[in-house]
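S.K.: The sequence isn't on hand, but the structure is:
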């Protein structure tokens with residue numbers, strides 16, 4: 001290697017890069033504005049250009065400056081290079097350079113080619129995902145300037161058969177794609193960038209720039225960028241300024257660097273430049289660029305991250321002094337909620353330094369954490385945007401467009417329908433408030449419980465009072481919904497009909513839907529996406545409409561909406577990419593868990609690791625090395641806070657490998673205890689939402705006026721009255737009803753209804769005293785199918801409940817025939833009865849619907865309760881806490897049912913349909929007359945007690961006889977005050 005020229009320098013990790021660069025350039029130009037203005041500064045990204053512009057203003061102390069030309073190199077996130085003011089600076093040969101192909105059009109073109117290989121049955125969304133992977137491979141290969149022709153000889157013969165299948169797929173890129181680009185008159189973005197950079201080098205060779213050229217802040221991970229850096233370093237007036245080169249690593253360690261190491265990228269660049277590391281000089285330091293972290297702290301992190309093959313050197317390292325960690329704080333938080341709150345506290349605290357104008361930034365790759373922090377800051381009225389942006393499909397307009405597509409594709413099923421209609425943008429040509437009320441009414445009217453029949457017709461039948469909303473959807477959505485009736489349709493037709501529906505649903509009574517849907521930065525970004533998609537839609541073959549929503553999701557993925565204005569002047573939330581070269585007085589590094597930072601390495605879907613290495617593609621570990629370099633730069637800030645969550649979504653997490661290495665190097669000494677500080681912050685965070693005083697609520701005991709108390713209850717509600725009076729208060733006085741789940745599968749109550757309906761129909765078709773027909777069981781099964789109705793189409797019903805009903809039918813027919821053989825005369829099923837009980841203030845009416853009332857051979861009556869669930873125990877019946885059958889007996893004896901007579905039997909028939917046969921159980925060991933009398937006396941006592949205003953409705957006064965389930969337990973705030981919940985209900 002040659003002697004390193006003084007044209008290559010580095011700004012250490014402990015210094016603010018853009019401030020040091022600006023101060024150095026001001027010093028070099030010695031205040032001559034002409035020299036500075038004639039300079040060209042090349043930086044990795046457009047954001048870095050803006051940061052350097054601000055740094056010049058800081059370093060100049062506010063005095064006017066003629067700034068140098070600041071240009072992004074296009075490394076990583078820029079699509080192309082723009083070093084000159086116009087295309088002419090790259091030479092006349094490049095004036096006719098084709099434009100870069102639009103990314104969305106490229107994705108659709110590749111999707112069409114993938115579909116051609118997979119066949120007409122291929123799902124478009126799956127083909128689009130494969131196309132996205134092909135596009136990623138294409139970018140990688142072109143960025144690394146590799147030749148696809150090498151793929152043919154890449155694999156040994158023993159893998160040739162499998163590899164040939166992959167090669168057939170990759171032939172899209174090697175054989176077909178070039179002709180597609182030629183027909184389009186475009187270039188791939190990476191290829192065009194390479195050509196632009198090559199043209200720039202040719203121009204500089206023929207016509208060297210008159211002013212200084214400074215390339216700063218890039219690691220040269222892109223070969224074309226590395227070539228440009230080499231050219232700049234060879235210029236008479238060229239300078240290359242590297243970010244955070246570690247000049248203290250020993251040579252054996254430097255030689256052993258591997259891709260996951262933070263210095264690996266810089267080592268490759270120096271090898272490309274032909275420079276020794278020792279010859280790279282430090283960028284001169286001036287008074288306006290103070291050191292951020294001590295050199296010893298820089299040495300600590302460099303030592304901690306040394307390659308695994310050289311960590312035996314740690315044995316000779318003296319445990320670091322805790323003072324090395326001055327300015328460093330690590331906080332391990334229980335969950336992301338606490339982590340976000342603690343980060344927000346740090347950011348809020350920094351705003352207190354009004355005089356100094358202190359700045360602070362959160363740097364994290366975890367966008368969910370970034371959104372949590374932004375939400376936490378709003379408690380103090382601090383508005384801050386995540387500069388890494390928000391995915392378009394997670395914005396309000398993007399989400400609304402996706403939800404409306406799902407709504408129609410799922411034939412207006414309840415969950416998809418309400419997800420769209422409850423979106424903030426939905427208004428249905430009404431005022432927003434009125435539309436919300438209409439949708440809530442529709443939900444209560446027909447969308448809770450089992451799913452109604454499909455389509456708007458089924459919706460109209462289930463929700464007759466919601467005609468206004470349904471009419472609006474039918475009028476404006478017919479063009480879109482009719483496309484789902486069958487056949488293939490062009491993507492353009494699907495998109496336009498879909499957008500028309502979305503705009504119509506977004507309209508209010510005062511504002512057109514287009515004005516609401518496309519408003520703001522997110523709306524404008526969605527409009528751009530829709531316009532791009534409509535323009536490129538002709539590329540794809542027609543597709544079935546039911547494939548459209550999934551395809552839309554894939555095509556929208558990857559689009560990001562970045563804030564253009566309204567950023568906080570002193571606070572920032574940055575991704576690792578956005579944070580490069582940035583400056584802040586306090587840097588918070590969040591989400592330091594393995595899998596987030598560093599990110600998980602993603603396997604290449606086309607090549608194994610050895611194949612990638614032989615072909616020349618960088619291994620996935622290179623991303624870890626780039627992330628490690630970002631982490632080191634952050635760790636060396638003057639004040640840094642490191643945070644992580646110990647559990648995410650209930651799952652334990654693993655600390656980032658860099659934190660674990662620091663712990664290992666510190667060896668459990670004083671330094672590690674400092675690194676594990678932050679308990680005060682956890683305590684303060686907990687205090688944010690802690691009330692000044694807390695006292696558990698008292699058990700509710702409402703005493704409504706006597707006039708409001710129920711004057712009629714069913715026998716089943718009397719049992720509830722005894723076990724949980726508060727439930728009666730909530731249901732019959734407050735008129736509160738629990739909502740059924742949306743789109744619910746039939747529950748146990750529905751199952752019981754089906755069984756009762758089938759048995760009722762069977763007895764009515766074949767009434768006693770005659771014998772049952774020979775095909776009685778088949779008849780009962782037919783009636784069961786009618787009772788189950790359309791629910792038989794549900795897998796859970798025909799796979800689980802129907803076999804149970806078949807067993808019930810077999811047992812029931814046998815039991816029924818035996819009963820008739822014993823002289824059964826008459827059976828009444830599902831009959832209603834009433835009994836009036838005189839109370840001290842007003843009469844009380846008891847109602848019942850008896851499952852079955854039989855008149856036996858001796859003229860006495862038998863009451864039967866079909867139980868598809870749990871049968872009450874004899875202990876419960878005897879104690880009076882299961883009074884349903886005895887009270888029905890009281891109604892029967894008083895003539896409240898047809899067929900007045902003496903009740904001789906109270907029976908439960910267990911109809912569970914399990915492998916064990918059903919059975920009959922007497923209500924209790926006592927005679928029916930005694931049970932009936934006791935139940936009637938208990939009812940009189942209950943009625944008399946609750947007709948006085950002093951009687952309260954407590955919640956579950958006796959936990960040992962609590963109901964098995966209550967819809968109102970949460971309203972009673974039972975968990976807040978209950979001390980025990982013992983008792984098995986018997």
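M.R.: Great, that's in hand. Please read these numbers as outputs of a predicted model, since none were measured by experiment.

S.K.: Give me the domain ranges for the protein.
M.R.: Here the domain parsing of the chain from automatic domain parsing is 8-97+192-290, 103-186, 322-387+569-688, 391-561, 705-740+825-986, 745-822.

S.K.: pLDDT averaged over the last one - what is it?
M.R.: Spelled out, that is domain 745-822. Domain 745-822 carries an average pLDDT of 90.

S.K.: Then stretch 469-485?
M.R.: Per-residue scores along stretch 469-485 average to 93.

S.K.: In the strand or helix carrying residue 300, which of the residues would be classed as buried?
M.R.: Element membership for residue 300, per DSSP states H and E: helix 295-304. For helix 295-304, the neighbour count (16 or more other C-beta atoms under 10 Å) marks 297, 298, 300, 301, 302, 303, 304 as buried. Just so you know, the C-beta spots here come from the backbone N, C-alpha and C atoms, and that holds for glycine as well.

S.K.: Tell me how far the helix or strand containing residue 554 lies from the chain's centre.
M.R.: According to DSSP H and E, residue 554 maps onto helix 548-556. Remark: helix 548-556 is offset 17 Å from the chain centroid, using C-alpha atoms, centre = their mean, to the nearest Å.

S.K.: neighbouring contacts of it?
M.R.: Defining contact as C-beta atoms under 8 Å, 6 or more residues apart in numbering, one finds that helix 548-556 is touched by 104, 107-108, 123-125, 128-129, 132, 392-393, 398, 401-402, 405-406, 409, 491, 494, 498, 529, 533, 543.

S.K.: from those, which ones fall inside strands?
M.R.: Per DSSP state E, strands hold the following members of these: residue 543.

S.K.: Out of the contacts of helix 548-556, which sit inside helices?
M.R.: 104, 107-108, 124-125, 128-129, 132, 398, 401-402, 405-406, 409, 491, 494, 498, 529, 533 (DSSP state H).

S.K.: Is it possible to get TSV of the domains of the chain that adds distance to residue 313?
M.R.: Shown next, in TSV, are these (distance: least, C-beta to C-beta, whole Å):
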stretch	distance to residue 313
domain 8-97+192-290	8
domain 103-186	33
domain 322-387+569-688	10
domain 391-561	43
domain 705-740+825-986	57
domain 745-822	62
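
S.K.: Of all those domains, which one comes closest to residue 308?
M.R.: In terms of C-beta to C-beta, the element of the domains of the chain nearest to residue 308 is domain 8-97+192-290, at 8.0 Å.

S.K.: so how far is that closest one from its chain's centroid?
M.R.: Domain 8-97+192-290 sits 39 Å away from the centroid of its parent chain (C-alpha atoms, centre = their mean).

S.K.: same thing with stretch 527-534?
M.R.: On C-alpha atoms, centre = their mean, the centre of stretch 527-534 falls 25 Å from that of its chain.

S.K.: So for that stretch, what gets flagged as buried?
M.R.: 527, 529, 530, 532, 533.

S.K.: by contact count, what packs against the helix or strand the first one falls within?
M.R.: Secondary structure from DSSP H and E places residue 527 in helix 520-536. The helices and strands touching helix 520-536, judged by 3 or more C-beta pairs under 8 Å, 6 or more residues apart in numbering; DSSP states H and E, are helix 103-118, helix 396-409, helix 491-506, strand 560-561.

S.K.: How far away from the center of its chain is that helix?
M.R.: 23 Å.

S.K.: Next, count neighbours for the closest residue to residue 7 other than its chain neighbours.
M.R.: Among residues not flanking residue 7 along the chain, residue 233 sits closest, at 4.7 Å (C-beta to C-beta, 6 or more residues apart in numbering). Residues contacting residue 233 under the criterion other C-beta atoms under 10 Å number 20.

S.K.: Report the next helix or strand after the one helix or strand residue 233 maps to in sequence order.
M.R.: Using DSSP H and E, residue 233 maps to helix 223-234. Where DSSP H and E defines the elements, the next helix or strand beyond helix 223-234 is strand 238-243.

S.K.: Given that next one, what are its sheet partners and their directions?
M.R.: Here strand 238-243 is paired, per DSSP bridges, with strand 8-11 (parallel), strand 213-216 (parallel).

S.K.: need these in JSON lines with mean pLDDT and mean neighbour count, can you?
M.R.: Converted to JSON lines, these look like this (pLDDT from 0 to 100; neighbours: other C-beta atoms under 10 Å):
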{"stretch": "strand 8-11", "mean pLDDT": "93", "mean neighbour count": "22"}
{"stretch": "strand 213-216", "mean pLDDT": "94", "mean neighbour count": "26"}
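
S.K.: can I get the ones you listed in JSON lines with distance to residue 903?
M.R.: As requested, these are arranged in JSON lines below (distance: least, C-beta to C-beta, whole Å):
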{"stretch": "strand 8-11", "distance to residue 903": "97"}
{"stretch": "strand 213-216", "distance to residue 903": "97"}
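
S.K.: Which one, of those, ends up nearest to residue 362?
M.R.: Among the strands paired with strand 238-243, if distance is taken as C-beta to C-beta, the winner is strand 8-11, at 22.9 Å.

S.K.: got the contact list for the closest one?
M.R.: Under the contact criterion C-beta under 8 Å, 6+ apart, strand 8-11 has outside partners 17, 20-21, 233, 239-245, 247, 273, 275, 279-283.

S.K.: Give me the buried entries from these.
M.R.: Looking at those with 16+ other C-beta under 10 Å, the buried ones turn out to be 17, 20-21, 233, 239-245, 273, 275, 280, 283.
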